[in-house]
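Student: Sequence first, predicted coordinates after that:
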2 protein chains.
Amino acid sequence: MAIGKEKNVTIKDVAEKAGVSYQTVSRAINGQGEISVETRKRVMAAAKELGYRQNRLAGALRGQNSKVIGLVVSDLANSFHSEVAAGVEAEADSKGYSVILANSNEDPLRERQAVANLYERRVEGLIIAPAQGDHEYINSDLPSDFPIVAVNRRLEAGRSGAVLLRNVEAAKVAANHLIALGHTKIGAIIASQELMTSSERLIGFREAMEEAGLRVNSDWLGTGSGTIHPDGARASAMRIFSGTDRPTAVMTSSSRIAEGVLIALRELGLKRGRDADVISFDNAPWSALLDPPLPVIEQPTRHIGQAATRMLVGMIEGTGIAEELRLPGKLLTHGEQKISISV
Amino acid sequence: MAIGKEKNVTIKDVAEKAGVSYQTVSRAINGQGEISVETRKRVMAAAKELGYRQNRLAGALRGQNSKVIGLVVSDLANSFHSEVAAGVEAEADSKGYSVILANSNEDPLRERQAVANLYERRVEGLIIAPAQGDHEYINSDLPSDFPIVAVNRRLEAGRSGAVLLRNVEAAKVAANHLIALGHTKIGAIIASQELMTSSERLIGFREAMEEAGLRVNSDWLGTGSGTIHPDGARASAMRIFSGTDRPTAVMTSSSRIAEGVLIALRELGLKRGRDADVISFDNAPWSALLDPPLPVIEQPTRHIGQAATRMLVGMIEGTGIAEELRLPGKLLTHGEQKISISV
DNA sequence: CTATCAATTGTGAACGTTCACGGGAGGTTA
DNA sequence: TAACCTCCCGTGAACGTTCACAATTGATAG
């Protein structure tokens, strides 16, 4: 009847109540080891009556496997990341793992701290959406055999697995979509040259242009300010589209970049479908709602999360190894195939 | 040189290397207790050299505080939830807590399992975005003094804190916005009568209509199929807008519902701003990008996550108590104040 | 009747840490 | 010089569980 915290019910309390040893209780609860049906029932009844709940922390300490993995994303508010997180959580859960979530905010320092923290909590492996920057710390802060899988971008530090988009091919599809619409003056705005995703997508863009015999006008190429804010992309788009000799279409390397471009177009009084066409990566849920709908290269976000988790769990349990998995993107035109008129 | 797992470096290894007792190492690392500057330096050097990493599991087992909280959302792929999650993670991190994430998929059973799992991992408290359904299990599965904070919806089971929107007031603002635009024939589509958020918002809607002396036509009220899929809302909107006597504006209770409505309008060949106006709750990142922009009642999602976490940590650390916090929504018109013509 | 075996249960130790003490060295005071 | 205090450091126990092995029981076989 005291006010204070309720006493934690332990395996030994259950043992006493059921009149057996604590080890027997352990066996009954984990269902492993030989135990008679009757005692198990007695133990379970006692456990329920006392409101016993296993303490997985203690088990993890003794048994060495915490059944927890860590997930470090660079921007949870971005739908790409939250959908990947959803995939990770679902797959992990189905395999009996829990997920500790951390957000690096695209800051390599915070990422490093998050990784250290996660390791101190003895997660068994890590899925990381790497922030832009140096990742040497992986080698110095973690045991060399610690399971890691990167998503979206590669982690330079060898040894880790990776689940990535087939960026070059996907970008070619995107560019070819614009080309098929009749465009010849096509630009591209990417997040940053430093980013693997951006640079690969730019390569694909160039390849498609070249194969179509079209010239890439360097005045029509631009970069944003990273992937968090659309401002840089807006500025680039303003520059590119305010000249007299402007493109009639652009490819953007991510939805955040596309946001900036769309804002710029509106501010310039330009209308998509009439004055310019845009295609983007990262299917944001809103792309279909725009008028006209925004064609996108959809990333299989959920599947990326699942695949990364599957790979990671394989590495943890010794049934799989670190590999680089490349998944295809998919062109989504949202059913709209209107041919736009070039300026 | 063996191939197997690297041996875990423990506090005792460091102690041996530094020539002190393990307790001294503990003191050096945690920075509490008296210890000379010199020995501390020696210990830290030894720790670094051996690559020692604290095992927080062991500490939590002994010290009884894991510094972990659990977050159970009902739909991570929904931007409302992922933004709340971002707020929770940020605030928790700043207070030294980590977050284990679980997704209930709006399924009360999964939610219950997630809660049990989280408790077995000895999280110190729980933030829950309750799925629709029964939550009695909270009382039977958890100690009565276990800290819980609900977000978005209330948890019937007493004792828990809650961070909610001032739904009635916010809905009045939304309805009044439409009224101010000159509309008199206004409908409303909500997710479900069973949902606290929906019903409260409907109340606010009715109040605003009444105060404006407008009649609420029950033919123009509809519900969606929960909050996960926009299909039900689409169907409702189809019904409401395909009659001859149709409203010129609707309020929707969430962004998912709005999606369904927008799709329906398009399929019916109706254009927002010309044939009908829509206002929604839940500022999705795309609302500003639509043409015309979709006015919304923005929820302070990030702030909700932060406030919930702050309250939870207060409950955990004994400096705060469970309370019900109501935050205001904010009308976002995205700078567009165009007066629409009623049909 | 005794040795052997399978089935079931119990005991001691360990996981890595922190808490509660206890103890020694050196300095200060009466 | 004895008594006392402060500063630093060490020892034993405990957190709740599982692992490795020992012990008990009853039955079966020789």
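Tutor: That came through fine.
Student: could you measure the residue of the stretch 201-343 of chain A found nearest chain B against B:Leu202, distance?
Tutor: Nearest to chain B in the stretch 201-343 of chain A, going by CB to the nearest CB, is A:Trp286, at a distance of 2.6 Å. Every residue, glycine included, has its C-beta placed from N, CA and C. Per CB to CB, to the nearest Å, A:Trp286 is found 26 Å from B:Leu202.
Student: go on, A:Ser26?
Tutor: The separation that A:Ser26 has from B:Leu202, given CB to CB, amounts to 53 Å.
Student: Have a look at these two and say which one is more surrounded.
Tutor: Per other CB atoms under 10 Å in any protein chain shown, whichever of A:Ser26 and B:Leu202 has more neighbours is B:Leu202, with 23 against 18.
Student: could you point out which element follows the helix or strand where the more buried one lies?
Tutor: Assigned by DSSP states H and E, B:Leu202 belongs to helix B:196-211. Counting by DSSP H and E, the next helix or strand C-terminal to helix B:196-211 is strand B:221-223.
Student: Need the residues that contact that next one.
Tutor: B:187-193, B:198, B:202, B:232-233, B:236-237, B:239-240 (CB atoms under 8 Å, 6 or more residues apart in numbering or on different chains).
Student: what do you get for stretch A:178-190?
Tutor: A:175, A:198-199, A:201-202, A:205, A:208-209, A:212, A:214, A:216-217, A:220-224, A:233, A:236-237, A:240, A:246-253, A:257, A:260-261, A:277, A:279, A:339-340, A:342.
Student: Could you rerun that using 7 Å?
Tutor: A:175, A:198, A:201-202, A:205, A:208-209, A:212, A:214, A:220-224, A:233, A:236-237, A:240, A:247-253, A:257, A:261, A:277, A:279, A:339-340, A:342 (CB atoms under 7 Å, 6 or more residues apart in numbering or on different chains).
Student: Enumerate the positions of it that are buried.
Tutor: Within stretch A:178-190, the residues that qualify as buried by neighbour count (16 or more other CB atoms under 10 Å in any protein chain shown) are A:178-179, A:181, A:183, A:185-190.
Student: Could you do stretch A:217-225 as well?
Tutor: A:220-225.
Student: again with stretch A:142-160
Tutor: For stretch A:142-160, using 16+ other CB under 10 Å, the buried residues are A:142, A:146-153, A:155, A:157, A:160.
Student: so which of those also contact chain B?
Tutor: Subset of these in contact with chain B: empty, counting by CB under 7 Å from any CB of the partner chain.
Student: Just send the residues you listed back as JSON lines, with pLDDT, secondary structure and distance to A:Asp134 too.
Tutor: Shown next, in JSON lines, are these (pLDDT from 0 to 100; DSSP: H, G, I helix; E, B strand; the rest coil; distance: CB to CB, whole Å):
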{"residue": "A:Leu142", "pLDDT": "93", "secondary structure": "coil", "distance to A:Asp134": "15"}
{"residue": "A:Phe146", "pLDDT": "95", "secondary structure": "coil", "distance to A:Asp134": "18"}
{"residue": "A:Pro147", "pLDDT": "96", "secondary structure": "coil", "distance to A:Asp134": "21"}
{"residue": "A:Ile148", "pLDDT": "97", "secondary structure": "strand", "distance to A:Asp134": "16"}
{"residue": "A:Val149", "pLDDT": "98", "secondary structure": "strand", "distance to A:Asp134": "19"}
{"residue": "A:Ala150", "pLDDT": "98", "secondary structure": "strand", "distance to A:Asp134": "14"}
{"residue": "A:Val151", "pLDDT": "97", "secondary structure": "strand", "distance to A:Asp134": "18"}
{"residue": "A:Asn152", "pLDDT": "94", "secondary structure": "coil", "distance to A:Asp134": "17"}
{"residue": "A:Arg153", "pLDDT": "93", "secondary structure": "coil", "distance to A:Asp134": "13"}
{"residue": "A:Leu155", "pLDDT": "91", "secondary structure": "coil", "distance to A:Asp134": "11"}
{"residue": "A:Ala157", "pLDDT": "69", "secondary structure": "coil", "distance to A:Asp134": "10"}
{"residue": "A:Ser160", "pLDDT": "93", "secondary structure": "coil", "distance to A:Asp134": "15"}
